[in-house]
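Peer 1: Attaching a predicted model along with its sequence, questions to come.
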Amino acid sequence: MARTKRSAALGTRNSRLALEMQRDHTETLSAGRYLIYRRPGNGANGSWVARLYDPKTRKMSREPLGHADDFLESDGIKVLDYKQACTKAGFWFKERERRALLAEGGDIPHDGPYTVVDAMRDYLVYLRKKGSRSLSIIETTINAHILPVLGATPVEGLTKKRIDEWRVGLAETGRRKTGRVREEPEHLPAPTTPEEMRKRRDTSNRILTNLKAALNLAHQDGKVQGAAPWRDVKPFKNVGNSRVRFLQGEEPRLLVEACEGDFKSLVIGGLASGARYGELGRCRVKDFSAKPKTLFIEFGKNGKSRYIHLDDEAVAWFASFTKGRDSEETLFRHTGVDRVKRKVSDDWMPYDQVHLMKKAWKKAGITKVTFHELRHTYASNLILQGMQLLYVAAQLGHSDTRMVEKYYGHLVPSAVAMAVKKHGPKLGIFEGSKENPLDEKVRVAKKSSRVK
């Protein structure tokens with residue numbers, strides 16, 4: 001902490017009482033920063049005022065700080081001694097500088113406390129500038145779960161206890177009902193089974209992540225200062241590792257045979273590449289390349305592009321599927337759809353696949369499956385064939401193996417066993433091995449000795 005500048009005129013009560021009344025007495029704290037003391041003509045308590053000079057605008061601004069401790073004991077709030085007045089003036093100078101920097105950067109300085117609403121709004125602006133593909137989902141989450149409870153709270157007034165209570169409340173409340181628009185949100189019954197509680201806690205963790213991201217951004221940008229208690233709030237542990245559903249045995253074939261029209265091609269594309277639904281919907285014919293055996297994904301979930309390497313069976317199917325088509329054409333089309341609320345388009349739109357997938361798995365006579373579980377099926381098959389997790393992560397578009405380990409880690413022991421069986425060295429040096437060349441030499445030697 002910076003040391004308070006000494007002042008012979010203003011530093012003590014006795015020195016101030018000797019000064020002329022009804023006149024400003026100034027102490028320069030640093031360049032352009034001043035502390036003013038003034039005592040009224042009736043001899044009452046004097047007062048402190050901070051004054052700041054802006055060399056860019058050549059304007060002087062003032063801020064009343066409180067009464068001087070001329071006749072009253074200082075309390076650090078309304079009655080201040082010299083040192084407390086310097087400290088309070090320093091905070092005001094920093095706040096003025098922060099607001100000036102925000103104004104220069106195009107941000108609107110806030111009058112009054114900076115609340116959670118303000119932090120969430122600035123966070124959404126940041127995501128929009130960044131081009132986040134999850135913007136609409138995050139905005140819906142914020143409006144539904146964060147703002148109703150914490151929105152009016154000043155960020156600097158948040159405590160670890162307050163955030164913990166909100167986090168636990170989310171986990172103990174039933175899932176919000178979806179579908180038709182309701183004037184007031186309605187919730188399903190509170191979770192009771194271990195799986196229901198796990199899911200609600202997992203959801204609570206993801207919402208907490210959004211809150212922390214917004215508050216960390218505000219703290220990083222200097223819009224709030226001081227402690228950051230939200231960083232001490234810990235998420236629920238061991239709630240995100242649910243068993244992944246993936247198609248096994250004859251299920252992929254049964255599902256594909258049950259699909260109809262354009263949806264059948266889309267499902268085959270998902271099983272063959274492991275790409276997400278949205279990624280496949282954005283692909284064009286030219287994104288498939290037969291010679292290098294790849295499918296190019298221009299924009300993944302993280303905004304990055306990648307090449308998915310295809311096996312020979314997938315290459316043959318994609319080559320047949322794209323034969324004779326224009327290179328700029330959408331790879332997977334959804335034609336003949338009578339859209340009411342969405343724009344007319346032959347592209348696969350959000351949620352187009354939901355009812356078609358439900359119809360397909362029911363017709364196939366298999367357990368419920370979602371489109372995203374085609375991706376799980378693809379990844380699981382790669383791991384069971386012994387592919388290294390780093391390569392699986394690259395195919396899926398992950399920057400490292402953490403997500404792969406989280407969802408498919410239980411398959412790794414089986415994959416390792418299969419890989420060792422397939423790729424392990426065949427040395428033929430162990431006793432009892434059918435392929436041991438030494439055993440054959442021993443047998444020949446024994447046979448020769450008997451003949452002799």
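Peer 2: Great, that's in hand.

Peer 1: residues contacting Thr115?
Peer 2: Applying C-beta atoms under 8 Å, 6 or more residues apart in numbering to Thr115 gives the contacts Gly151, Ala152, Thr153, Pro154, Val155. (Glycine included, C-beta is placed from N, CA and C.)

Peer 1: How far off centre is whichever strand in the chain runs longest?
Peer 2: In terms of residue count, the longest strand belonging to the chain (DSSP state E) is strand 59-68. Chain-centre distance of strand 59-68: 43 Å, with C-alpha atoms, centre = their mean, to the nearest Å.

Peer 1: Would you mark the buried spots in that strand?
Peer 2: Leu65, Gly66, His67, Ala68 (16 or more other C-beta atoms under 10 Å).

Peer 1: Which strands border it, and is each parallel or antiparallel?
Peer 2: strand 47-54 (antiparallel), strand 79-80 (parallel) (DSSP bridges).

Peer 1: what does the helix or strand harbouring Arg16 rub up against?
Peer 2: Assigned by DSSP states H and E, Arg16 belongs to helix 13-17. Helix 13-17 is contacted from outside by Ala8, Ala9, Leu10, His25, Tyr37, Arg39, Gly46, Ala68, Asp69, Asp70, Asp81, using C-beta under 8 Å, 6+ apart.

Peer 1: And stretch 77-86, by the same measure?
Peer 2: Residues contacting stretch 77-86 (C-beta under 8 Å, 6+ apart): 4-5, 7, 10-13, 29, 35, 45, 48, 65-69, 72-74, 76, 88.

Peer 1: what's the offset of it from the middle of its chain?
Peer 2: Distance of stretch 77-86 from the chain centroid (C-alpha atoms, centre = their mean) equals 43 Å.

Peer 1: First-to-last residue distance for it?
Peer 2: 13 Å (C-alpha to C-alpha, to the nearest Å).

Peer 1: Buried residues of it, list them for me.
Peer 2: Across stretch 77-86, burial judged by 16+ other C-beta under 10 Å covers Val79, Leu80, Asp81, Tyr82, Lys83, Gln84, Ala85, Cys86.

Peer 1: per-residue confidence averaged over it?
Peer 2: Stretch 77-86 carries an average pLDDT of 90.

Peer 1: With stretch 238-250 instead?
Peer 2: Here the average pLDDT along stretch 238-250 is 80.

Peer 1: Can you give me the first-to-last residue distance of it?
Peer 2: By C-alpha to C-alpha, one end of stretch 238-250 lies 32 Å from the other end.

Peer 1: buried ones in it?
Peer 2: Applying 16+ other C-beta under 10 Å to stretch 238-250 flags Val239, Val244, Phe246, Leu247 as buried.

Peer 1: I figured the last one hits Leu255, correct?
Peer 2: Yes: in this structure, Leu247 is within contact of Leu255 by C-beta atoms under 8 Å, at 6.6 Å.

Peer 1: The stretch 251-400 of the chain: helices as residue ranges?
Peer 2: For the stretch 251-400 of the chain, helices defined by DSSP state H, counting those that start in this stretch occupy the ranges 251-258, 261-273, 277-282, 312-322, 352-364, 372-384, 389-396.
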